[in-house]
Each structure stands twice: as structure tokens, then as C-alpha cells.
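Undergrad: my questions are about this predicted structure, shown below with the sequence.
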Amino acid sequence: MKDFNLMAILLNPEFSSMLLHGVKVTLLIALGSWMLAMALAVVLLALRFTPSGVAQKGVAAYVSYHRNVPTLVQMMLWYFGIASLLPAQFQSWLAEHSAEAVFAVIALGLCQAAYFSEDLRSGFRAVPPGQAEAARALGHSYLGAMRHVLMPQAVRNAIPALVNHSVSLFKNSSLAMAIGAAELTHAVKEVESRTFRAFESYLIATLIYLAISLLIMGLGAWLARRATLAAAR
């Protein structure tokens, strides 16, 4: 067994470059899928509040599917299944533009949107019913009341749950390794196979994931404090 030597990896230009590239791809996948998830979650939430029973049942089915099918299976379905149904020209274009990362973003974003929409719905349910009536009494339209009165309170109520699911989304970005995306876990696996230093390699990955997850949680706590102070004014 080799002696423990973390610097043998970190001070090697080739290995450190691989790790930095992995971190970059991981952050791009996490950020891209978070933006997709949040945008879609707002749409799902709006459909939930429509009087259409079909729309409400459609959203419920969407949420149920993504909450009960493993994220890894969904990612493989997109990359190995749905991608094969696309036109050959589009497949070639994707192959030249990091198809693995693109489909990882799509799969993670669509999956996480189900959780974000439920977080936002819970936030809305925690808003006192009188707030909507008060907003309408002050002359706000339905959209105005949603934008200026109800949505800010709902988002503030949902911040803790949204932060927790954002951390989960970031950690689940490691699943992209299964479809060949060159993210952090993939990079660490490559480093380990070249150096045969499994402990050091995966310790580095552990520390990086831990640091970024704590950073996200810290940012969430800061936002929650700011939102609470703003509401108290």
C-alpha cells in the first residue's frame, strides 16, 4: 500500500487540471439544471393554481413520475433512449457540443422541477388567505397580487426546502458520470485509475463536494435571514 500523499495529486499539473475541469463541468451542470428546474417549477406552480382539472392532474402526474423514478434511470433514459430518437443531424451536433452534459442538465432539471414546484406550493399554502384579499382590496390585479404580495411571501417560506433540494441537485450532478460527462466524480475516477491512490483521490472529491454544499447552505441561510429582515420592516 502506498503512503498517504495528497500533494502527489494536487501538485501534479495534469491531475490538478483534470480536477479543476471536473469542478467546472459539475458547476455548469448544477447551475444549468437549477435554472431549468426553477423556471419549470414556476410554470408547474401556475398550472396547479388554474381551475383546469386536467392541468392539475397533469402536474400531479409529472410530480409523481419524477419523485418515484430514480434520477439515474431518468438520466440514462434521456441519454441512451430519447437521444436516439432525435434526427441524425441533431445527434451529431450534440456529440460535438458535450451531449453528456446537455442531457445531464435536462434530466436533472426536469426531475428537480418536481421538487421545487412542491416546495413553492408549500410556501404558498403557508401564506395567510387574507393576504390575497388584502392585495385585491388595495387594487392589485391577480398577477399584481401574485408578483408583489403572494409570491415574495411564498418564496420566503420555501427557502429552507429550496436550499435543501438545491444541495441535493448539486450532489446528484455526480450521476452524470454514468453517461460519460466529464464532471468531478468522473475526473476523480480517472485520476485514481492513473495514480492508484484511491483514498487520496476520493478524499479530494469528498472535500470539494462538502465545501460547495456547505457554501450553498450558507448562502441559503443568508438569504433566509435577509428575507426575514425584509419581512419585518
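TA: It's in.
Undergrad: what's the average pLDDT for the helix or strand that contains His21?
TA: Assigned by DSSP states H and E, His21 falls within helix 13-48. Per-residue pLDDT over helix 13-48 has a mean of 94.
Undergrad: immediately after it, which helix or strand?
TA: Taking DSSP H and E, what comes next after helix 13-48 is helix 53-68.
Undergrad: shaky segments in the protein?
TA: Low-confidence segments of the chain, defined by pLDDT under 70: 1-2, 132-133, 142-143, 230-233.
Undergrad: ok, 90 please
TA: 1-8, 10-11, 42, 45-53, 55, 83-99, 123-157, 182, 195-197, 223-233 (pLDDT under 90).
Undergrad: next up, the contacts around the residue nearest to Leu40 when sequence neighbours are not counted.
TA: Of all residues not flanking Leu40 in the chain, Ala113 sits nearest, at 3.8 Å (Cβ to Cβ, 6 or more residues apart in numbering). The way it works is simple: take the backbone N, C-alpha and C, and place the C-beta from them, glycine included. By Cβ atoms under 8 Å, 6 or more residues apart in numbering, Ala113 lies in contact with Leu36, Ala37, Met38, Leu40, Ala41, Leu44, His66.
Undergrad: separation between Ala113 and Gly218?
TA: Computed as Cβ to Cβ, to the nearest Å, the Ala113 to Gly218 distance reads 24 Å.
Undergrad: again with His140
TA: 35 Å.
Undergrad: which one's more surrounded, these two?
TA: Neighbours were counted for His140 and for Gly218 using other Cβ atoms under 10 Å; His140 has more, 17 against 11.
Undergrad: tell me the contacts of that one?
TA: His148, Val149.
Undergrad: where's the residue nearest to Leu40, which helix or strand?
TA: With DSSP H and E as the criterion, Ala113 is inside helix 99-125.
Undergrad: and that helix, what's buried?
TA: 99-121, 123-124 (16 or more other Cβ atoms under 10 Å).
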